[in-house]
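Trainee: structure of the sequence below:
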Amino acid sequence: MAWIETDSLSFTARHDDADTACAQRVLDGLEDLRLRLEERFDEVPGDVTVVIHDNPAWLSAAHPLLPAVRWSAAPAGRRYLAGWPMVGEIHLLSDEWMERRAGGEDSARALMGTAERVYCQLVLSANNERLPPMWTPQRFLTYLRWAWLYEGAAQYFSGQVSLYRPAVITRLREGERPRFPPSRRDAVILGGTVFDLLDRHRGPEACQLLAARLRREGPSANLELAFEATMGEIERGWRTHLDEILYPQSADTGIGPLSDSRERPSPLARERLRDREAVVGEPKPSPLRMPRPEAVDIHDLDLGASEEEGVDFDAEFEDPFEGEPRIRRGAGLRDPTDEDLGPAPDFDFGAPPEFGFEGAGDQPEEGSQEGGNRAGER
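Mentor: Below you'll find the predicted structure:
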């Protein structure tokens, strides 16, 4: 096998000569991702070497922890462990082996984005000294405790959370009820759902806050600070979020399950609203919709009753024009009948006046020449 190098502005790829197209694709994706991450993180590493292996055995030999981590992961997430971060290096499989591992269209796209996801892990470690890729025993224990944050943040900042949805559905259908926060076994699959929920609930800035620092109090302190809620509320909202992924048709969101407008209320916000209503009580109904003390049947109302029958009408509501002809609104004018019209009035205006035009022809027109001469003579 002949190793060659392909360079870009911030990265260098070492690969077989048959994987040149793969190297070019990976380097282009990493350069675009690095530009986006520069707006969110203080330190974004450069001069990173990407090593593309054409065999899974060579990838496993690159770091002895990778086979152990892959074995400990849930079955639905093992295929996605096709890359590994090291100090200044990213190791991953070639496109040919990525296609063999894929279980569908979304799975293939997620595997093709392994380099971007692993590079996000390098960025996280550069901004937080407690996280690997310096794989010391202490940092490895930290990784096991914070694996959901490490893997979830890498999925979120690389824009791949939605690509893991098939794996999330498989995990929820086949496995037992997941823990919260997700355990190391479920970190690769469910870690991104925590950031997805946080992004819907509070926005991207809160996701950056969650991944910026590992607090000494543990994951609960990070989560409560980022969500601004208690662990009980966060967990209930997270499980509702998983139910929406697993059963999108039954989710009470008010819109279609395929909509991605992000205008839906956060599951955590809905859970907190339900808790508030349970404490305060049902919202007060509108005065315009207050229930009547007794049901009234309009078909039983006797509108033709009179005062002799014991019905006392208020004069304020009596019709002052009762018995007089009227025009219904919208019906237009109607032709009166003979009964409505009285006798025709008899008016005597006398003889009509006589009109004549004698002498009109002798008057000259105003502005004529003859008229002008006569005016001058006067």
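Trainee: in this protein, where is pLDDT below threshold?
Mentor: Across the chain, residues meeting the criterion (pLDDT under 70) sit at 1, 249-342, 347, 355-378.
Trainee: swap in 80 and give it another go.
Mentor: Under the criterion pLDDT under 80, the flagged ranges of the chain are 1-2, 62-65, 68, 133-136, 175, 248-378.
Trainee: the longest helix in it is where?
Mentor: Ordering each helix of the chain by length in residues (DSSP state H) puts helix 20-37 first.
Trainee: and it, what does it pack onto?
Mentor: Counting contacts by 3 or more CB pairs under 8 Å, 6 or more residues apart in numbering; DSSP states H and E, helix 20-37 packs against strand 3-7, strand 11-16, strand 48-53, helix 95-101, helix 114-127. To be clear about C-beta, it is placed using only N, CA and C from the backbone, and glycine gets the same treatment.
Trainee: quick one: contacts of the third one?
Mentor: The one in question is strand 48-53. 10-16, 19, 22-23, 26-27, 30, 59, 62, 88-94, 115, 119, 122 (CB atoms under 8 Å, 6 or more residues apart in numbering).
Trainee: for residue 167, find the nearest of the helices and strands packed on helix 20-37.
Mentor: With distances scored as CB to CB, the stretch of the helices and strands packed on helix 20-37 nearest to residue 167 is helix 95-101 (12.2 Å).
Trainee: and the helix or strand that comes right after the closest one, which residues are buried?
Mentor: Stepping forward along the backbone from helix 95-101, the first helix or strand reached (DSSP states H and E) is helix 105-112. In terms of neighbour count (16 or more other CB atoms under 10 Å), helix 105-112 has its buried residues at 106, 107, 108, 110, 111, 112.
Trainee: tell me which residues touch the fourth one, please.
Mentor: For residue 110, the residues meeting the contact criterion (CB under 8 Å, 6+ apart) are 80, 160, 163, 164.
Trainee: try it again at 6 Å.
Mentor: With CB atoms under 6 Å, 6 or more residues apart in numbering as the criterion, the residues that contact residue 110 are 160, 163.
Trainee: the third one now?
Mentor: Residue 108 makes contact with residue 102, according to CB under 6 Å, 6+ apart.
Trainee: now do it against residue 97, distance only.
Mentor: As for residue 108, its distance to residue 97 is 12 Å (criterion: CB to CB, to the nearest Å).
Trainee: kindly report the same for the first one.
Mentor: Using CB to CB, we find residue 106 at a distance of 18 Å from residue 97.
Trainee: what about residue 25, how many residues nearby?
Mentor: Counted by other CB atoms under 10 Å, the residues lying close to residue 25 total 15.
Trainee: ok, it to residue 116 distance?
Mentor: Distance of residue 25 to residue 116, computed by CB to CB: 11 Å.
Trainee: now do residue 69
Mentor: Applying CB to CB, one obtains 19 Å for the distance of residue 69 from residue 116.
Trainee: how about residue 189?
Mentor: For residue 189, the distance to residue 116 equals 18 Å [CB to CB].
Trainee: the two: which has the busier surroundings?
Mentor: Between residue 189 and residue 116, counting by other CB under 10 Å, residue 189 is the more crowded of the two (31 against 23).
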